[in-house]
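>>> Here is my input; please provide its structure:
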Amino acid sequence: MRLLALPLLLLLGACASTPVAPPVPESEASRPLPSQSPAFPSGASIANPTESGFQAYLEDLGARARAQGISDATWQRTMRGVHLNMKSISLSGGASGGMGRISKYLERVTPAQIQRGQARMAENAALLRRVERETGVDPAAIASIWGNETSYGSVLGTFYVPEALASLAYEGRRRAFFEAELMASLQLMQRGLITREELVGSYAGALGQVQFMPSNILKLGVDGDGDGERDIRNSLADAFASCANYLKAHGWRPGQPWLAEARLPSGFRWETAGPDITKSAAEWDAMGVRTVSGAKLSSLVPAGAPVSILLPMGYRGIALIAFENYRRFLDYNPSQSYAVAVGHWANRLKGGGSFAGSWPESGGMTASDLEDLQSALQRLGYDLKPDGRYGDRTRAAIRAYQVSRGLPADGYPTPALLQRLRAEGVS
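Reported below is the predicted structural model:
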């Protein structure tokens, strides 16, 4: 990947430690294409994607890209031979109810992967220490993302990224997002920052050792080795510096933890847990929450720092303490299962052990069953959208229902809860 040297860019905010830099303006490459097509409006999904429909979409999209300044030569060079990629669409549609997928993510955190990661960190210790000095980001955080995303660079993906992005944009569930990312890949080509051969990555369009979307390469890629490029595919220096820059731009807090297993007091109020609820470290201390080793939270972060208690598989599972740096992993990938797994991976790379507690043998729901559960709650008057996805609104509705019925209010969807709703005659 040929990425020309540009000034260090910091962006994409979220929560933070001390401010590290003001946000930069949104890049043109990250904006949706102008003049939304009447034939392919944003948010309108295609029930039965076809090759002929896809090619018609490309004609429409190409005209809009050219209107935004993409040359015909760039379009032809990038999109030549592109066809509908149903595999990308299929892989992007695997919604899972609740956080049942956490077990799949945690399966990757094997002793062999941790040992291999520690060896790779040792090989690159000087580089990682330099990146830490420059950004404040812990090397274990970088290495855990590197390990989870590409198995330390050994699995970079085999999809032609413009084809994957165009296919996902055509399918339509997140058309504006994928059109913007396709536009960013075209910008990379037009500016000579990448070759067609280097535009190979994940089914969803991510590239390089640490899997950046094209727009983030433009906005947050860093030249880490001083060669005038930001090559996150072939240069570990560029990949590590870019990953750290991403986390720093979103508000990484140097020297602070990200995730710890919790020891909850007897009588803990389950309704106070969830990633959508925060209290200060001092407040959790006063409620008797400790790490599994017995430490007060305010001994690890400032007393006023916002902290959440997570119940990834409900009150019967392991409870976790999510500090602000945990949310930086969420910024990288907005999946609680991903963030928990990467946070645990980073802890293990730093020498931490496995969880002291145990997970339930099964958890989560199918997307279809979760949609049924959401529909039942909606009919009871709760404010949520039946979409088969488990987010803060669904969690809050489940929690409110559980409180109203005197149940442990962990906000977690289960088959038993769906059965109860059906028995109440609201399904």
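
>>> Excluding chain neighbours, what is closest to Ala164?
Closest residue to Ala164 apart from its sequence neighbours, by Cβ to Cβ, 6 or more residues apart in numbering: Ser88 at 4.2 Å. Yep, even glycine has a C-beta here, placed from its N, CA and C like the rest.

>>> Tell me the confidence at the one you found?
Note for Ser88: predicted pLDDT of 96.

>>> Kindly report the same for the one 4 residues further on.
The per-residue pLDDT reported for Ser92 equals 87.

>>> That one: how many residues sit nearby?
18 (other Cβ atoms under 10 Å).

>>> residues contacting it?
168, 171, 173, 203-204 (Cβ atoms under 8 Å, 6 or more residues apart in numbering).

>>> so the residue nearest to Ala164 touches Tyr170, yeah?
No: here Ser88 does not reach Tyr170: they are 10.2 Å apart, not a contact under Cβ atoms under 8 Å.

>>> Phi and psi next, for Glu229.
phi -130, psi 160 (degrees, to the nearest 10).

>>> what bridges to it?
Beta bridges link Glu229 to Leu4 when assigned by DSSP bridges.

>>> Look up how far Ser235 lies from it.
Distance, Glu229 to Ser235, by Cβ to Cβ, to the nearest Å: 7 Å.

>>> What ranges in the chain fall below the confidence cut-off?
Across the chain, the ranges flagged by pLDDT under 70 are 1-39, 43, 94-101, 362-364, 426-427.

>>> Pro214 - nearest residue in space that isn't next to it in sequence?
Using Cβ to Cβ, 6+ apart, the nearest residue to Pro214 is Ala184, at 3.6 Å.

>>> Please identify which helix or strand holds that neighbour.
helix 175-190 (DSSP states H and E).

>>> Then Ile309?
Assigned by DSSP H and E, Ile309 falls in strand 306-310.

>>> what sits against Leu320?
Applying Cβ under 8 Å, 6+ apart, the residues near Leu320 are 259-262, 309-312, 340.

>>> I meant to write Val210 there.
142, 145-146, 149-150, 232, 239-240, 242-243 are the contacts of Val210 under Cβ under 8 Å, 6+ apart.

>>> which ones among these are found in strands?
Applying DSSP state E to those, no entry is found in strands.

>>> Narrow those residues to those in helices?
142, 145-146, 149-150, 239-240, 242-243 (DSSP state H).

>>> before we move on, back to that, helices and strands around the strand holding Ile309, which ones?
strand 279-280, helix 281-286, strand 320-322, helix 324-332 (3 or more Cβ pairs under 8 Å, 6 or more residues apart in numbering; DSSP states H and E).

>>> Including distance to Ala180, could those go into TSV?
Listed next are the helices and strands packed on strand 306-310 as TSV, based on distance: least, Cβ to Cβ, whole Å:
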stretch	distance to Ala180
strand 279-280	36
helix 281-286	37
strand 320-322	29
helix 324-332	17
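
>>> so which of the ones you listed is the most packed in?
strand 320-322 (a mean of 26; mean count of other Cβ atoms under 10 Å).

>>> Measure how far it is from the centre of its chain, please.
17 Å (Cα atoms, centre = their mean, to the nearest Å).

>>> Same question for stretch 226-245.
20 Å.

>>> Could you do stretch 77-85 as well?
27 Å.

>>> mind listing what's buried in that stretch?
Buried positions in stretch 77-85, judged by neighbour count with 16 or more other Cβ atoms under 10 Å: 78-79, 82, 84-85.

>>> Can I get the residues you listed in JSON lines including distance to Gly317 and secondary structure?
JSON lines is the format used below for the buried residues of stretch 77-85 (distance: Cβ to Cβ, whole Å; DSSP: H, G, I helix; E, B strand; the rest coil):
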{"residue": "Thr78", "distance to Gly317": "46", "secondary structure": "helix"}
{"residue": "Met79", "distance to Gly317": "46", "secondary structure": "helix"}
{"residue": "Val82", "distance to Gly317": "44", "secondary structure": "coil"}
{"residue": "Leu84", "distance to Gly317": "40", "secondary structure": "coil"}
{"residue": "Asn85", "distance to Gly317": "37", "secondary structure": "coil"}
